[in-house]
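**Student:** got a predicted model here, sequence first, then my questions.
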Amino acid sequence: QVHLVESGGGSVQAGGSLRLSCAPSGRTFSLNPIGWFRQAPGKERELVATINWNGGTTYYSDSVKGRFIISRHNADDTVYLQMNSLKPEDTAVYFCAADSRTNLGLTYDAPEYNYWGQGTQVTVSS
C-alpha cells in the first residue's frame, strides 16, 4: 500500500522551531509535487506550502511566509518543512501529500493530491 509518513512533530514554545519530514512508503515520489497541509481543531484543512518535483519552485501561504521553508532531497525521497518562529496559531495536525502527476509545477488544491500521510501533531505554547 502506498502512503506517506510524516515525522518530526512535537511540542514547542512560541518562537521555537521544528522540522517535519515526509517520506514515501511503497513507491517513490521524486518526480511529483508535494504539499504540506495543516488542520487545527474546528477548522478546515489548509495548504501551508508546496514544492514542485525538482525543488525549483515553492509556494507558501501568507500565514507562514518568511517563517517556514519547504525543501526536498530527492536522493532519499524526503520532503522537509522547516518551521521557525512558531506561533500558538501554528498548532495543528500537519499532513504531507503527493500529487500523482509527474514533472508538474505546483499543486494547490487538496483534492488534487492523491496520497496522504497520517499526520503529525504540532503544538505551540505561548
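**Tutor:** Great, that's in hand.

**Student:** show me where the chain has strands.
**Tutor:** 3-7, 10-13, 18-25, 34-39, 46-51, 58-60, 68-73, 78-83, 92-98, 115-116, 120-125 (DSSP state E).

**Student:** just checking: what are the partner strands of the third one?
**Tutor:** Strands flanking strand 18-25 in the sheet, each with its direction: strand 3-7 (antiparallel), strand 78-83 (antiparallel) (DSSP bridges).

**Student:** let me have those strands in JSON lines, extended by mean pLDDT.
**Tutor:** Below are these laid out as JSON lines (pLDDT from 0 to 100):
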{"stretch": "strand 3-7", "mean pLDDT": "95"}
{"stretch": "strand 78-83", "mean pLDDT": "98"}
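
**Student:** could you single out the most deeply buried of those strands?
**Tutor:** Burial of the strands paired with strand 18-25 is given as mean neighbour count (mean count of other Cβ atoms under 10 Å); strand 78-83 ranks first at a mean of 22. Placement of C-beta: from N, CA and C, glycine included.

**Student:** how far does that strand sit from its chain's centre?
**Tutor:** 7 Å (Cα atoms, centre = their mean, to the nearest Å).

**Student:** hmm, who's touching that strand?
**Tutor:** 17-23, 34, 36, 48-49, 51, 64, 67-73, 90, 94, 96, 122 (Cβ atoms under 8 Å, 6 or more residues apart in numbering).

**Student:** kindly recompute the last result at 7 Å.
**Tutor:** By Cβ atoms under 7 Å, 6 or more residues apart in numbering, the surrounding residues in contact with strand 78-83 are 17-23, 34, 36, 49, 51, 67-72, 90, 96.
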